[in-house]
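Asker: kindly generate the corresponding structure for this input.
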Amino acid sequence: MGERLVIVNQINGQNINAIYYHWSNYTQTAVAEVLALSDGIQTYYDDIDNKTPYSSIDTFNLACLESISGISSCDNESRAYYRSVTGEDYDVEKIDRSLGLIHFTENDIMDAIGAAEGTVYIDWAIDAIGRPISDRTRVDLIGVIYRESADYEEDFPEISAQQRQNPKSYTLDNIKLTELDDFYNQLPEDWYDEQENNYYSQKG
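Answerer: The predicted structure follows:
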């Protein structure tokens, strides 16, 4: 069984595509995948010199596709979407599920989310051609963080007393993409949130 991560890419809160990674459902790895995806998308727009014959959403989708491994041979709807945009059939010969498989249609996106053991949501701000505006893009990491109610602290007494002495609170669902790396680097392995009365820990 793999540690299945899905990154759900949204624009204005609407699902645009989802990317499945077979071995990345760990907090550190998930953050690395988000940053790599962002870099890949920016590189795509640099390579096309910000010129595209497609709509902003279609161009964004193609940028995401170019940043990961590909489209699964099982995802007929997503391959049909690719064909409708580019006029070409998609070559599925070299895909690797560990490096990311993208899903474009509502059915394929929901299937991917249903298979996930962890999810990261990115709500992208984009310009007129679909290029991300990074400082207005937000990341939600709640789906790759463990959370346990302190009401059941008898299940993990080895950390409860220590963490209660030094409570911390982190906003995990509205992180600026431009601050994600720094945010992760200061995130502890585990902590107690006194206001929520929950224990949190990174997956890993």
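Asker: chain center to the helix ranked longest in the chain: distance?
Answerer: Ordering each helix of the chain by length in residues (DSSP state H) puts helix 27-47 first. Taking Cα atoms, centre = their mean, to the nearest Å, one finds the center of helix 27-47 at 10 Å from the center of the full chain.
Asker: and V144, its phi and psi?
Answerer: phi -120, psi 30 (degrees, to the nearest 10).
Asker: er, N198 actually
Answerer: Its backbone dihedrals place N198 at phi -130, psi 150, with angles given as degrees, to the nearest 10.
Asker: distance of it relative to A30?
Answerer: With distances defined as Cβ to Cβ, to the nearest Å, the gap from N198 to A30 amounts to 20 Å. (Each C-beta comes from the backbone N, C-alpha and C, glycine too.)
Asker: which one of those two is surrounded by more residues?
Answerer: In this comparison of N198 against A30, neighbours counted by other Cβ atoms under 10 Å, the higher total goes to A30 at 28 against 16.
Asker: isn't the more buried one up against G118?
Answerer: Yes - using Cβ atoms under 8 Å, A30 and G118 qualify as a contacting pair, with a distance of 6.5 Å.
Asker: what touches both of the two?
Answerer: Counting by Cβ atoms under 8 Å, 6 or more residues apart in numbering, the residues touching both A30 and G118 are L5, V144, K203.
Asker: as CSV, those residues with distance to G13 would be great.
Answerer: Shown next, in CSV, are those (distance: Cβ to Cβ, whole Å):
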residue, distance to G13
L5, 21
V144, 20
K203, 25
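Asker: pLDDT weak spots in this protein?
Answerer: Filtered on pLDDT under 70, the chain yields the residue ranges 1-2, 153, 155-160, 162.
Asker: mind listing the helices for it?
Answerer: According to DSSP H, the helices that the chain contains are 27-47, 56-66, 76-86, 106-115, 157-164, 180-185.
Asker: of all those, which one is nearest I122?
Answerer: helix 27-47 (6.6 Å; Cβ to Cβ).
Asker: got the contact list for that closest one?
Answerer: Residues beyond helix 27-47 that count as contacts (Cβ under 8 Å, 6+ apart) turn out to be 5, 7, 19, 21, 23-24, 60, 62-64, 66-68, 100, 118, 120, 122, 129, 131-132, 134, 137, 139, 141, 144-145, 177, 180-181, 184, 187, 202-204.
Asker: for ChimeraX, what selects the buried ones among those?
Answerer: Those of those that meet the burial criterion (16 or more other Cβ atoms under 10 Å) are gathered into one ChimeraX selection, given here:
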select :5,7,19,21,24,60,62,63,64,67,68,100,118,120,122,129,131,132,134,137,139,141,144,145,177,180,184,187,202,203
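Asker: mind listing which of the contacts of helix 27-47 are in strands?
Answerer: Of the contacts of helix 27-47, the ones assigned to strands by DSSP state E are L5, I7, I19, Y21, G118, V120, I122, V139, I145, Q202.
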